[in-house]
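Novice: sequence unknown, structure follows:
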Ligand SMILES: Nc1ncnc2c1ncn2[C@@H]1O[C@H](COP(=O)(O)OP(=O)(O)OP(=O)(O)O)[C@@H](O)[C@H]1O
């Protein structure tokens, strides 16, 4: 989240950009504002001239002045009518910019593993508030500028001495208002944040209310929610106090000039002011300056604060503007394919981490299998490596760069995705320029020739709804195989295929240049890999399939259960064949590995469980301890 100062800077820039980006609309709005302000500029003058004319019996002159005023009023009304489309031409594109920002921010966060479920609410609610208030503020600020300007101009032409009496208190009132505006914006922001906080807590509370009550947590929840409500109420009181200061600014800037003009009437009369001049001056103050200031103070103090705060919140939570700084290639050329340093990740604040303090280095060209019981965190690890989830602590790098660069890795998840179009379109999605012979070779390598023939060839149209899940996995596997990305992560991407088909696909991927990480569904996948990472919840063991049973009780357990189930021993790492071991890891539909969080921890080639634990285990290893 951005700092408050950053948000304020962004806010100013966004609003200023919105105005600067539409110079023609701004010029049109300014021109029609001048026309709209004509009656204000003439009002005091016409009243003064008409009063003196009536007073001295020059009725026709008085009528002419009143006629001038009427014509000016029509001109002003016409100006107002033409003004609003020009203002809309500034406001509507500004709204579109905001919507783009919010959508981009929501997508950005969703691809970082934090789906932004509030984005739609912000889009429909906050953006509309901002659009309306921004439009309202343009009307208000522009109105003040042109109305006050016109009234002052009229006063100057009527009698410059009156302007001298009026301008200082007006400026003082404006300064007073400006001085508290910043602090009021902060309090208003606290109020909005408080409202959001209460809403978020209430939503969370509602979804877990039954569990909370069952655990006897009502008092704790009441205290927590009560504190949030009290904070919101305190912010509301502070905002109300600023409303009082607003009233003071209005009194100084709007009423003092009136009093000063009245008090200085004898002095003004001595300097040539007629009764008409005085009435005209008062008309400029009462019908020009004072309403303009009141609208400004109320508008800015109400809508303005709301705009400042709501826009600030939208910008704070939108996608970062700054492009991710590119790192020089030289730094990353020798980097491993995948590197995790001290990575921890939990689904939600306060939740138990699924991955804790994990260190892992996967060299380029490696073939790594990740095994572990169901729900232990294998898919989460895959998502972290793919950059789809952002670690709470630590760092994930792919080929030396922060994870998440789609040009470097391709992830095939458990649920394969096939889109409408030809089979070829689907297969070449990541490699649209792949020559036909390369596509055919990939199909053959993965053993999909029969499947492709059955569908009517590469140029047959696919109906995703008609494909089985196994068919979808075949398509997704071939798509990943053809992809130019150097790192492929298969997250149980072949678990709908039979063991032989899966073995053939994995063997093909192992021959493919680049790095392969397989979230293993069967122990045979682990047997084929060059190295195996065993996740068991309390630690992680990295080693070769043949060595791991000696050091990882969980792996021994998994392998043993597979052996018991199939009646054969673990296979040697090799290409796939029908005789591959077929025990299933971590799924209730296969052999059922017993999960024990309290399994004694021991080490394989590398152990990743936080620096302290690693030292301890490596120390054990050095001392020759074995399980
Ligand atoms: N989006 C999510 N929100 C909250 N918890 C989640 C989410 N996704 C996964 N989890 C939880 O995180 C833990 C690890 O899940 P993960 O899918 O990474 O395990 P896994 O080892 O891949 O399991 P499987 O082999 O069954 O796919 C599980 O307890 C799971 O319930």
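Specialist: Here it is on my side, so go on. Only a predicted model underlies this, so the values are computations on that prediction, with no experimental measurement involved.
Novice: Tell me which residues touch residue 443, please.
Specialist: 427, 449, 452, 458, 478 (Cβ atoms under 8 Å, 6 or more residues apart in numbering). From N, CA and C alone the C-beta is placed, and that goes for glycine too.
Novice: Could you tell me which residues within the host helix or strand of it count as buried?
Specialist: Per DSSP states H and E, residue 443 falls inside helix 436-445. Burial within helix 436-445, assessed by neighbour count using 16 or more other Cβ atoms under 10 Å, is assigned to 439, 442, 443, 445.
Novice: Filter the contacts of residue 443 down to just the buried residues.
Specialist: 427, 452, 458, 478.
Novice: and the residue in the stretch 201-350 of the chain positioned nearest to the ligand, how many neighbours?
Specialist: Using Cβ to the nearest ligand atom, the single residue of the stretch 201-350 of the chain nearest to the ligand is residue 347, 3.3 Å away. Using other Cβ atoms under 10 Å, residue 347 has 12 other residues around it.
Novice: Spell out which residues of this structure are next to the ligand.
Specialist: 347, 354, 372, 374, 375, 376, 377, 378, 379, 380, 586 (Cβ under 6 Å from any ligand atom).
Novice: switch to 8 Å and redo it
Specialist: Proximity of the chain to the ligand, by Cβ under 8 Å from any ligand atom, involves residues 347-348, 351, 354, 372-383, 414, 491-492, 519, 521, 535, 585-587.
Novice: that older thread, out of the contacts of residue 443, name the ones that lie in helices.
Specialist: 427, 449, 452, 478 (DSSP state H).
Novice: and residue 357, which of the three is it?
Specialist: Of the three states, residue 357 takes strand under DSSP: H, G, I helix; E, B strand; the rest coil.
Novice: Please tell me I have it right and it contacts residue 341.
Specialist: No. Look at residue 357 against residue 341 with Cβ atoms under 8 Å: they stay out of range, at 9.6 Å.
Novice: Residues that sit against both of these two, list them.
Specialist: residue 394.
Novice: Which one of those two is surrounded by more residues?
Specialist: Comparing residue 357 with residue 341 by other Cβ under 10 Å, the one with more neighbours is residue 357, at 21 against 16.
Novice: Contact partners for residue 480?
Specialist: Going by Cβ under 8 Å, 6+ apart, the list of residues near residue 480 reads 410, 412, 430, 488, 490, 493, 509.
Novice: Closest one to the ligand out of the ones in helices among the contacts of residue 443, please.
Specialist: residue 478 (22.5 Å).
Novice: out of the ones in helices among the contacts of residue 443, which one sits closest to residue 362?
Specialist: Looking at the ones in helices among the contacts of residue 443 and their distance to residue 362, the nearest is residue 478, at 23.4 Å (Cβ to Cβ).
Novice: who's in contact with the closest one?
Specialist: 427, 442, 443, 446, 448.
Novice: From the ligand, how far off is the fourth one?
Specialist: Relative to the ligand, residue 446 is positioned 23 Å away (criterion: Cβ to the nearest ligand atom, to the nearest Å).
Novice: That residue: neighbour count?
Specialist: Other residues close to residue 446 by other Cβ under 10 Å number 24.
Novice: Report whether the expected contact of it with residue 481 is present.
Specialist: Yes. The criterion here is Cβ under 8 Å, and residue 446 meets it with residue 481 at 6.1 Å.
Novice: For burial, what's the neighbour tally of residue 454?
Specialist: By other Cβ under 10 Å, neighbour count at residue 454 equals 11.
Novice: OK, contacts around it?
Specialist: Residue 454 touches nothing, counting by Cβ under 8 Å, 6+ apart.
Novice: what about it, helix or strand, and which?
Specialist: Here residue 454, judged by DSSP H and E, is contained in helix 449-455.
Novice: Name the next helix or strand downstream of that helix, please.
Specialist: That would be, after helix 449-455 and using DSSP H and E, strand 461-462.
Novice: Run through who's touching that following strand.
Specialist: With Cβ under 8 Å, 6+ apart as the criterion, strand 461-462 contacts 418, 419, 420, 421, 422, 423, 426, 455, 475.
Novice: just the buried members of those?
Specialist: 418, 422, 423, 426, 455, 475.
Novice: Quick check: residue 434 touching residue 479?
Specialist: No. Look at residue 434 against residue 479 with Cβ under 8 Å: they stay out of range, at 10.4 Å.
Novice: So for those two, which sits in the more crowded spot?
Specialist: Higher neighbour count among residue 434 and residue 479: residue 479, with 22 against 17, using other Cβ under 10 Å.
Novice: Please enumerate the strands of the stretch 251-400 of the chain.
Specialist: 338-345, 355-362, 367-371, 393-398 (DSSP state E, counting those that start in this stretch).
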